[in-house]
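Q: build me a model from this:
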Amino acid sequence: MELLKHILILPVAIYLLYFSIIHCMMLFRHGRNWMWHEKAWDELETIFLCVRKRLKKRNCNPMKTVTIYTDGACSGNPGPGGWGAILMYGQHKKELSGGEANTTNNRMELTAVIRALSILKEPCIVDLWSDSKYVIDGLEKGWARGWKARGWVKSDKKPALNPDLWDELLRLTDIHSLRYHWVKGHAENEYNNRCDQLAVAESQKFK
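A: The predicted structure is shown next:
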């Protein structure tokens with residue numbers, strides 16, 4: 001009986017510890033009234049999704065780690081645009097690119113990530129590099145999931161742009177485990193510069 005009591009108490013203690021840590025973290029980031037802040041709940045949703053992914057991984061074979069660089073370009077914004085992506089796994093490297101006659105820079109940035117993730121044939125750990133704060137912050141900070149939860153409305157009550165692309169991108173991030181990296185555009189990163197070249201070349205096809 002005593003052993004059974006300990007077995008039952010242990011999971012409860014673990015859950016209480018876990019939620020205590022989360023509560024302290026939210027207090028530190030958002031103050032005593034954190035439960036009334038929309039951004040705090042967006043962050044909580046992101047945390048729980050990450051935990052769920054990690055628990056799933058324990059029962060799976062080790063995932064491959066893939067590095068992806070993406071970039072988008074647009075002349076006019078809106079106007080003719082293009083996107084470019086580079087995928088690297090071990091010694092393998094693949095370049096992708098495409099474009100549209102009338103689009104925006106942000107749509108091309110999102111499309112580049114979507115197309116790159118879409119060709120992965122199995123769940124992977126993905127190191128995503130992009131010079132787009134719109135993409136990186138939208139995913140890493142949980143903004144896009146918050147927009148979706150509110151019916152594609154931002155915290156300032158304005159409509160979120162590009163809901164079709166964000167919805168597809170969020171679906172893909174649920175399949176893969178992403179690590180986000182912002183890289184300064186038009187600087188010294190050869191892969192970012194190559195993606196920019198691919199994107200610009202595609203946009204010029206529509207001029």
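
Q: from here on, just use CA atoms for contacts and neighbour counts.
A: Will do.

Q: the residue nearest in space to the middle of the chain: what's it in contact with?
A: By Cα atoms, centre = their mean, the chain has its centre lying nearest to residue 139, at 3.5 Å. Each residue near residue 139 by Cα atoms under 8 Å, 6 or more residues apart in numbering is listed here: residue 145.

Q: again, only this time at 10 Å
A: Contacts of residue 139 were listed using Cα atoms under 10 Å, 6 or more residues apart in numbering, and they are 46, 133, 145, 166, 169-170, 173, 178-180.

Q: surely it forms part of a strand?
A: No: counting by DSSP: H, G, I helix; E, B strand; the rest coil, residue 139 is not part of a strand but helix.

Q: quick one on the thing from earlier: show the buried residues in the contacts of residue 139.
A: Among those, those classed as buried by 16 or more other Cα atoms under 10 Å are 46, 133, 145, 166, 169, 178, 180.

Q: could I get these as TSV with secondary structure?
A: Output for the buried ones among the contacts of residue 139, formatted as TSV (three-state DSSP):
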residue	secondary structure
46	helix
133	helix
145	helix
166	helix
169	helix
178	strand
180	strand
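
Q: of these, which is the nearest to residue 76?
A: Nearest to residue 76 among those is residue 133, at 19.5 Å by Cα to Cα.

Q: right, and the closest one touches residue 182 too?
A: Yes: with contact defined as Cα atoms under 10 Å, residue 133 reaches residue 182; the gap is 7.1 Å.

Q: mean confidence for stretch 128-137?
A: Stretch 128-137 carries an average pLDDT of 97.

Q: with that, I have no additional questions.
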